[in-house]
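# Test case, fold it:
(one chain, ligands or ions: 2)
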Amino acid sequence: LGTPQSVRGALIAVEGLDRAGKSTQCARLVENLQKQGRNVLHLRFPDRSTPIGKMIDSYLKGESQLDDHAIHLLFSANRWEVASNIKSAIAAGTDVVIDRYYYSGVVYSSAKEIPNLTVEWASWPEVGLPRCDICLFLSISAKEAGQRGGYGSEKYELREMQDRVGKLFRELVDNSQEDLVVIDAGKKVEEVERIILEKVGESLKRISGGTTLREVT
Ligand code: NYM
Ligand code: MG
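Ligands and ions are numbered 1, 2, ... in the order given. You can find the predicted model right below:
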């Protein structure tokens, strides 16, 4: 009685090619939301700290080999192991900002062009995960991303692979009714930061209007 109705937090994902500026923008977004007095949980996938995450880390560094389907399922399992934490944080009114989420999961694995590892196959293990309210896709060409100090030495950090990943990301953007927002990541850092905050603000408004947290279908 008389107490303000509690509003759930927002689930915000930031996606894009390697070197698109995701980490920088996630950090800034978290800071900006906190400045507005919001509670924020900052996550990233892969989360390399868990036992599954350690297997992923070792695979990405080329220290171990895994079947392409097996590593795909590990990436997904790495999300499932924190799914309930995400849900309870959101329910408690905390915003969750995630550096890569199921979009990366689907796109990177299917970009490997392994027979039967299709987008459809790759999407199944993600069904049921908390779906983001907004996904900010930091759009940059593989060429431009590669010029940003060059790629590292991890698996997938190759120009050809990044080109295919970029193409698949764009297909996903075109074909989905998801709340995917394309952001030109070639702009200045501050400009990208401003646009992101504006888009997230719109999403927060929709949430305080009562939209519920959905699941990936
Ligand atoms: N990656 C990331 C996947 O292949 N599947 C996934 O589900 C996720 C979350 O891991 N090249 C790939 C994309 C990156 C690599 O991510 C490591 P990061 O953000 O560079 O640590
Ligand atoms: Mg990387």
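# Around ligand 1, pick out the residues from the chain.
For the chain, the contact set with ligand 1 under C-beta under 6 Å from any ligand atom comprises Asp18, Phe45, Pro46, Leu60, Phe75, Arg100, Ser104, Gly105, Tyr108, Ser109, Tyr156. Every C-beta, even on glycine, is put in place using the N, C-alpha and C of the backbone.
# what sits against the third one?
It stands for Pro46. Gly53, Ile56, Asp57, Leu60, Phe75, Asn78, Arg100 (C-beta atoms under 8 Å, 6 or more residues apart in numbering).
# Confirm it sits in a helix?
No - under DSSP: H, G, I helix; E, B strand; the rest coil, Pro46 sits outside any helix and is assigned coil.
# hmm, back to that, inside helices: which ones of the residues of the chain next to ligand 1?
Among these, the members found in helices (DSSP state H) are Leu60, Phe75, Ser104, Gly105, Tyr108, Ser109.
# ok, so of the contacts of Pro46, who is nearest Ala91?
For the contacts of Pro46, the residue nearest Ala91 by C-beta to C-beta is Asn78; the value is 21.8 Å.
# That closest one is in contact with Ser49, isn't it?
No - judged on C-beta atoms under 8 Å, Asn78 makes no contact with Ser49 at a distance of 10.1 Å.
# Of these two, which one has the most company?
Set Asn78 next to Ser49 and count neighbours by other C-beta atoms under 10 Å: Asn78 wins out with 20 against 9.
# Can you give me the pLDDT of the more buried one?
Looking at Asn78, its pLDDT stands at 99.
# check contacts around the nearest residue in space to Val96 that is not next to it in sequence.
For Val96, ignoring the flanking residues on the chain, the nearest one in space by C-beta to C-beta, 6 or more residues apart in numbering is Leu41 at 4.8 Å. Residues in contact with Leu41, defined by C-beta under 8 Å, 6+ apart, are Ile86, Ala89, Thr94, Asp95, Val96, Val97.
# tell me the contacts of the first one?
Read it as Ile86. Neighbours of Ile86 in contact, by C-beta under 8 Å, 6+ apart: Leu11, Leu41, Leu43, Val96, Pro130.
# run the last query once more with 7 Å
Leu11, Val96, Pro130 (C-beta atoms under 7 Å, 6 or more residues apart in numbering).
# from these, which single one is nearest Tyr151?
Once C-beta to C-beta is applied, the member of the contacts of Ile86 that ends up nearest Tyr151 is Val96, at 28.1 Å.
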